[in-house]
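Asker: Predicted coordinates and the sequence they were generated for:
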Amino acid sequence: MPTGPSDATIVARVLAGDTEAFGLLVDRYEPDLARYARWALGSEDDAADAVQDALVRAYRSLHRCAVPARFKGWLFRIVSNRCKTRLARHRRRRTERLEDLPAEPEVDQADPGEDAERRDRREQLECALEALSPEHREALVLRYVNEMSVPEMADALDLSVSAVKMRLHRGREALRTVLQPEGDG
Amino acid sequence: MRPAAAVLSIALAWGALAPAAAQLDPTVRDALRPVLETARRDSVPVEVLEAKALEGVAKRRPTPVILAAVQRLAGELRDARAALRAAAPTATLSAGEQVAVAEAVRLGTTWEDVRLLRAAADPGTNLEIPFAVLGALVERGVPAGEARAVIQGMVKAGVEQSRMVEVPARIDVALRVGAAPIPALNSALQGLGIPVPPVPVVRPQGTTERRGRGDS
Amino acid sequence: MASREDQRLARYLDGELPPDALPEDLRRRAREFEALFAAPRAERVRFPMGFRDTVMRRVRQTPRARAGRAWQWMVTPRTFRLSPATVALAAAAVLALVVLTRPGGPADPGATVVTVPVVEPAAVRFVFVAPQAVRVAVTGGFANWDPDGIPMRSEGDGRWVAEVRLPPGVHQYVFVVDGTEWRPDPNATSQVDDGFGQQNSVLLVPEGRSS
């Protein structure tokens, strides 16, 4: 349970004209959104751009948030759309300039204290997620990185609960396939 | 069209997404436990009591005050349920109907009138709105028996609830220009085109002109 | 060999089963899967310094659209006509609770077309006048008495408005001004004792019936 005013309260204040109050929502959701976007996109810079865009869009269309008490899901939906747009753009660019394929994620994101095994694991996941469809990737990140519940995900992705589960199941299958050492099978 | 958002709005209104009991403070929940257990055993609608407790917490009332309010409500609901049961043993009694009866009685409806209305209606009919309107009539000074007869007439005649709920506001308009409660009720019924006979007016000397009060 | 995911493992990974509901071998596979995400979960992603400032700078420059009638699409109407007397009644009870009015219905100068959903919850508009308020919410049983309840939007002339969908029945509600003052609706048809020394307003939402 978040401390301080509820999301619905802050949304009402912003809609009543208190622009600065929107900053409270930015502070509240930046860590979660950052983590989600960074793993959905594979890069912190891209993530910062996507989340920034999403937040400004959210402000602009705040009156269209039908249920202010469910602001979080609505906001994640906007970020998810921004990330998908970006991924689509990357894919188009990537097929055009193969030599610019990012072979490995930027090393400067690593925690200097991180041990080698952990870093390897992280990079392996990174590459594996890159190979998945945006829908599967997003679903896995929301569930296993952001630790969102399935009902919350239904909210954020504008899907039914069973559709969310289907995406998770297929996403897990796809991930396992990608991570499978070659020759097994 | 955004079906997901619509479902959420409905769910919010129905309380389906946020079960009341889960939000109660442990101290309050512990204090309430005996009351809720007894209520559950007596088939008193527990969710109504939990909602009352939540209301008390939200209004920052001390736990003893919340407990007293919940106990009082539980007693009223128990009595309401008993009266409704006696009149219609086979009826499905919604929580809302029991709450409406409790409130109507608090406003001056007699238990006799509660039983009469329930017995006259079809056991399958939900009387939540009729009892609420009955309470509103009594609150405005219509004698309980007369008010009950009018409501009974409306229920038997199949008057839509959307018209029934307009009656109290119409009475208020007439009251504001100085009418007495019964004439105000009669004018409300006439204005809404509700097909029940007007209520007889008590003569100033205290004698009442009564025609046969048959079912209509 | 990639095998189909065991049903119980799937349910655990969807968050529907506790870990102790799994046999040891599945628990091990669950842990292996979760371990893939251990590092990302633990990682603190930091956006560049000044991220918040950049966002707020852009926000301040953004014109925000006026609150629109976002709720209107939710109403699937059945229309019926009210007599002019009833319309006058509603107008006389200033700022009373009204059922949704849908503009653009068949034109008839003598009557107001009011649309009421028949089977679904009714769309209800709450109105409260509080020119000095910073924020107003409407709350009640339908919002679990949350003081933040349903935030209302300011129409700019001291009126605060909210649209809510409510099932048929008796609903108790109040307005909460600036998060602390609980106020009943001066224009409600009925008020009831809340059992705590205050009053709640009462709204009756009728069951729909085919006319």
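Answerer: Yes, it's here. Residues are numbered from 1 along each chain as shown, chains lettered A, B, ... in the order given.

Asker: Now that B:Leu107 has come up, it's in contact with B:Arg140, right?
Answerer: No: the pair B:Leu107 and B:Arg140 does not pass the contact test of CB atoms under 8 Å, sitting 9.4 Å apart. Using the backbone N, CA and C atoms, a C-beta is placed for each residue, glycine as well.

Asker: Show me the helices in the chain, by range?
Answerer: No chain was given, so I picked chain A. A:7-15, A:22-41, A:44-60, A:71-96, A:116-131, A:134-144, A:150-157, A:161-179 (DSSP state H).

Asker: Correction: the question concerned chain C.
Answerer: Using DSSP H, helices in chain C cover C:7-13, C:24-36, C:38-42, C:51-61, C:84-92.

Asker: Make TSV out of those and add distance to A:Arg38 and mean neighbour count.
Answerer: What follows is those, written out as TSV (distance: least, CB to CB, whole Å; neighbours: other CB atoms under 10 Å in any protein chain shown):
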stretch	distance to A:Arg38	mean neighbour count
helix C:7-13	22	17
helix C:24-36	16	14
helix C:38-42	8	16
helix C:51-61	13	15
helix C:84-92	54	14
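
Asker: I'd like to know which of those helices is closest to B:Arg115.
Answerer: Smallest distance to B:Arg115 across those (CB to CB): 33.3 Å, for helix C:84-92.

Asker: Please see if stretch C:127-138 touches chain B.
Answerer: No: Stretch C:127-138 does not reach chain B (CB under 8 Å from any CB of the partner chain); its nearest approach is 11.4 Å.

Asker: who's in contact with that stretch?
Answerer: Stretch C:127-138 is contacted from outside by A:8-9, A:12-13, A:16, A:18, C:95, C:97-98, C:126, C:147-152, C:154, C:157-162, C:164, C:173-179, C:183, C:185, C:187, using CB atoms under 8 Å, 6 or more residues apart in numbering or on different chains.

Asker: Pull out the buried members of the residues you listed.
Answerer: The neighbour-count test (16 or more other CB atoms under 10 Å in any protein chain shown) applied to these identifies A:8-9, A:12-13, A:16, C:97, C:126, C:147-152, C:154, C:159-160, C:162, C:164, C:173-177, C:179, C:183, C:185, C:187 as buried.

Asker: What are the structural domain limits within chain C?
Answerer: Using automatic domain parsing, the domain ranges for chain C come out as C:1-63, C:72-205.

Asker: Give the helix, strand or coil label for B:Gly124.
Answerer: coil (DSSP: H, G, I helix; E, B strand; the rest coil).

Asker: from memory it sits against B:Ala91, does it?
Answerer: Yes: with contact defined as CB under 8 Å, B:Gly124 and B:Ala91 form a contacting pair (7.4 Å).

Asker: what about these two, which has more around it?
Answerer: B:Ala91 (19 against 9; other CB atoms under 10 Å in any protein chain shown).

Asker: Please name the nearest non-neighbouring residue to the more buried one.
Answerer: B:Pro123 (4.0 Å; CB to CB, 6 or more residues apart in numbering or on different chains).

Asker: residue contacts, the closest residue to A:Leu125 other than its chain neighbours?
Answerer: Spatial nearest neighbour of A:Leu125, excluding adjacent residues (CB to CB, 6+ apart): C:Leu36 at 5.6 Å. Taking CB under 8 Å, 6+ apart, we find C:Leu36 in contact with A:Arg121, A:Leu125, A:Tyr144, A:Leu175, A:Leu179.

Asker: which one of those residues is nearest B:Val159?
Answerer: The closest of those, once distances to B:Val159 are taken by CB to CB, is A:Tyr144, at 57.4 Å.

Asker: What score does that closest one have for pLDDT?
Answerer: pLDDT recorded at A:Tyr144 is 94.

Asker: For it, which non-adjacent residue is closest in space?
Answerer: Counting by CB to CB, 6+ apart, the residue nearest A:Tyr144 is C:Phe37, at 4.1 Å.

Asker: Do me a favour and get the end-to-end distance for stretch B:157-176?
Answerer: 29 Å (CA to CA, to the nearest Å).

Asker: Next, the buried residues of that stretch.
Answerer: B:159-162, B:164-175.

Asker: and A:Arg89, how many neighbours?
Answerer: 11.

Asker: Tell me the confidence at it?
Answerer: 76.

Asker: For it, give its distance to A:Ala58.
Answerer: 21 Å (CB to CB, to the nearest Å).

Asker: Kindly report the same for B:Leu189.
Answerer: Taking CB to CB, one finds B:Leu189 at 52 Å from A:Ala58.

Asker: now do B:Leu192
Answerer: 47 Å.

Asker: ditto for C:Phe126
Answerer: Relative to A:Ala58, and taking CB to CB, C:Phe126 is found at 25 Å.

Asker: Show me what counts as buried in the longest helix anywhere in chain B.
Answerer: The single longest helix within chain B, with elements called by DSSP H, is helix B:63-87. Neighbour counts over helix B:63-87 (16+ other CB under 10 Å) mark B:63, B:66-67, B:69-71, B:73-74, B:76-81, B:83-84, B:87 as buried.
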